[in-house]
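J.: Okay, sequence plus prediction incoming.
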Protein chains: 2
Amino acid sequence: MNAQAQSTTKGERTRAAILDEALRIVSKAGLDGLTIGTLADATGLSKSGLFAHFGSREELLLAVLAHGQAEFGEVVFQPAMAKPRGLPRLRAMFVNWLAWTESAELPGGCPMIGGASEFDDKPGPVRDMLAGGQRAWIETLKRAVRQAVEEGQLSEDTDPEQIAFEIFGIALVVHHHRRLLGYKKARERALIALDSLLKRYAVS
Amino acid sequence: MNAQAQSTTKGERTRAAILDEALRIVSKAGLDGLTIGTLADATGLSKSGLFAHFGSREELLLAVLAHGQAEFGEVVFQPAMAKPRGLPRLRAMFVNWLAWTESAELPGGCPMIGGASEFDDKPGPVRDMLAGGQRAWIETLKRAVRQAVEEGQLSEDTDPEQIAFEIFGIALVVHHHRRLLGYKKARERALIALDSLLKRYAVS
DNA sequence: GACTGATACGAACGGTCGTACTATTCTTGT
DNA sequence: ACAAGAATAGTACGACCGTTCGTATCAGTC
């Protein structure tokens, strides 16, 4: 997420810096709030100079989302993969996810969650990208649950989709309560909710 | 939500019609997507004629939210109050809430949930109104939980805030999965989640 | 040293935004 | 039926939107 090292062309470096800044703006102002003019000001570029990197606003949005999804993978998914299969990995995914939504680099929360409610009624490539990313994440959660069953940590009749569904709900309410309501106990309550959710399916 | 009967001045009638239409637009396009021009077209008024009813865009947004919250009360809260105190009432609140988010008059889902992620980083009266409404709803949910404890339906050590928190999460994920992902099983899974949530705190 | 491609800038386009003013039409009470 | 006043339309404004175009700067190649 920081300016990456050399060995790349200047255009690529500028583009990466633009996307970093854009992701912060999207986090705070939403995808609709990401404007070529404000992004140009924030990066110190001219509108036209910035525009040339993407060719259209929609291309810019798609690039920002791709950038955000890549970072999500690095910050949330990959560290969790270092944990043992099953419940430890699933818990890590959840905890990393919460940390991501409260990350300092995302002052306005997860851009994908914010974008979801902005674009859920606007068909097109942006919506498709959002939906695709979130579907993939759900599948990842389901896979972790299945592995917990294989490891004998959750009972055989566990429904991975139901668990992924409920976990997603906990993450959403954390995001919602913290950002709109300033609810401080969100993280604590989320961990309680996850524990009791998993306990329901624990091996007896 | 439909044009109400006579006995009111014409201005009030058109104002109500404007708010009905505005609520539908907000549902689909979000609060940011509600513009004076499109709303004027949708209602058959001129921009200036419509504008005169509110005086500013922010006043319009506040009026739309007040209208939405009033409808929420009529459609979700009041019918639930007709149910017996405790779990029946709590369940009715939840079921009515889900139905509200999928209501035909709200083609894009709950305007307040959508507005929440748009305005969670934009301080001001709109955000305050959104937060106030949702805090009030949370308190209503907590009250229903407390009454279920009083009625002996939930155990004494039940934490109403935790339950309200998790219920809110289920509602959010239903909204999210249905609208962005077109997930058909959302309602069914939500009812499963609610049942097992309440079972955790059932009297033993 | 001339040429080329990448990169960025400045100015301008048509369009829409919210808002302000004035004029006109329509309701309504008498 | 008519005047008073509410309700709506008309017009114009400055700001910003995404986008396009022509141009300037600079790195590297021949």
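T.: Here it is on my side, so go on. Numbering: from 1, shown residues only, chains lettered A, B, ... in the order given.

J.: Pull up the residues of chain A that are close to DNA strand C.
T.: Proximity of chain A to DNA strand C, by CB under 7 Å from any atom of the strand, involves residues A:9-12, A:14, A:44-50, A:52-53. Backbone N, C-alpha and C define where each C-beta goes, glycine included.

J.: Any residue of the helix or strand containing residue A:148 touching DNA strand D?
T.: In this assignment (DSSP states H and E), residue A:148 forms part of helix A:125-150. No - shown here: helix A:125-150 not in contact with DNA strand D (CB under 7 Å from any atom of the strand), separated by at least 12.4 Å.

J.: picking up where we left off before, now that we have the residues of chain A next to DNA strand C, which one has the most neighbours?
T.: Compared across the residues of chain A next to DNA strand C, residue A:50 has the highest neighbour count, 22 neighbours, by other CB atoms under 10 Å in any protein chain shown.

J.: Now do the same for the closest residue to that residue other than its chain neighbours: helix, strand or coil?
T.: Excluding the flanking residues, the one nearest residue A:50 by CB to CB, 6 or more residues apart in numbering or on different chains is residue A:40, at 4.6 Å. In three-state terms, and counting by DSSP: H, G, I helix; E, B strand; the rest coil, residue A:40 is helix.

J.: Make sure residue A:40 is actually in contact with residue A:53.
T.: No - with contact defined as CB atoms under 8 Å, residue A:40 does not reach residue A:53; the gap is 10.6 Å.

J.: If we go by neighbour counts, what in stretch A:82-91 is buried?
T.: Buried residues in stretch A:82-91, counted by 16 or more other CB atoms under 10 Å in any protein chain shown: A:83, A:85-91.

J.: got CSV for the residues of chain A next to DNA strand C, with secondary structure, pLDDT and distance to residue B:197 too?
T.: Shown next, in CSV, are those (DSSP: H, G, I helix; E, B strand; the rest coil; pLDDT from 0 to 100; distance: CB to CB, whole Å):
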residue, secondary structure, pLDDT, distance to residue B:197
A:9, coil, 80, 54
A:10, helix, 75, 54
A:11, helix, 70, 52
A:12, helix, 83, 49
A:14, helix, 89, 49
A:44, coil, 95, 50
A:45, coil, 95, 50
A:46, coil, 95, 54
A:47, helix, 96, 50
A:48, helix, 95, 54
A:49, helix, 95, 53
A:50, helix, 96, 48
A:52, coil, 95, 52
A:53, coil, 95, 48
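
J.: could I get these as TSV with distance to residue A:70?
T.: Output for these, formatted as TSV (distance: CB to CB, whole Å):
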residue	distance to residue A:70
A:9	19
A:10	21
A:11	18
A:12	14
A:14	18
A:44	24
A:45	22
A:46	27
A:47	26
A:48	27
A:49	24
A:50	20
A:52	22
A:53	17
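
J.: Can you name the residue of chain A nearest to DNA strand D?
T.: residue A:37 (2.8 Å; CB to the nearest atom of the strand).

J.: So that residue lies in a strand, does it not?
T.: No - Residue A:37 is assigned helix when assessed by three-state DSSP, not a strand.

J.: host element of residue A:55?
T.: Secondary structure assignment for residue A:55, by DSSP H and E: no helix or strand.

J.: burial of the residue nearest to residue A:50, as a residue count?
T.: Neighbours of residue A:40 using other CB under 10 Å come to 17.

J.: what do you get for residue A:183?
T.: 18.

J.: Let me see the contact set for it.
T.: The contact partners of residue A:183, by CB atoms under 8 Å, 6 or more residues apart in numbering or on different chains, come to residue A:177.

J.: What segments of chain A are helices?
T.: A:10-29, A:36-43, A:47-51, A:57-72, A:78-81, A:87-101, A:111-119, A:125-150, A:160-181, A:186-200 (DSSP state H).

J.: quick one: buried residues of the first one?
T.: Residues of helix A:10-29 classed as buried by neighbour count (16+ other CB under 10 Å): A:14-29.

J.: Would that helix count as contacting chain B?
T.: Yes - residues of helix A:10-29 contacting chain B under CB under 8 Å from any CB of the partner chain: A:28-29.

J.: Export only the CA atoms of that helix, formatted as CSV.
T.: Presented in CSV, the C-alpha positions along helix A:10-29 are these (Å, rounded to 0.1, in the frame of the first residue of the first chain):
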residue,chain,number,x,y,z
LYS,A,10,7.6,6.1,-13.6
GLY,A,11,4.1,5.8,-14.9
GLU,A,12,3.5,2.6,-12.9
ARG,A,13,4.8,4.2,-9.8
THR,A,14,2.6,7.3,-10.2
ARG,A,15,-0.4,5.0,-10.9
ALA,A,16,0.3,3.0,-7.7
ALA,A,17,0.5,6.2,-5.7
ILE,A,18,-2.8,7.4,-7.2
LEU,A,19,-4.5,4.1,-6.3
ASP,A,20,-3.3,4.3,-2.7
GLU,A,21,-4.7,7.8,-2.4
ALA,A,22,-7.9,6.8,-4.2
LEU,A,23,-8.5,3.9,-1.9
ARG,A,24,-8.3,6.2,1.1
ILE,A,25,-10.8,8.6,-0.5
VAL,A,26,-13.1,5.8,-1.4
SER,A,27,-13.0,4.6,2.2
LYS,A,28,-14.2,7.9,3.5
ALA,A,29,-16.4,9.2,0.7
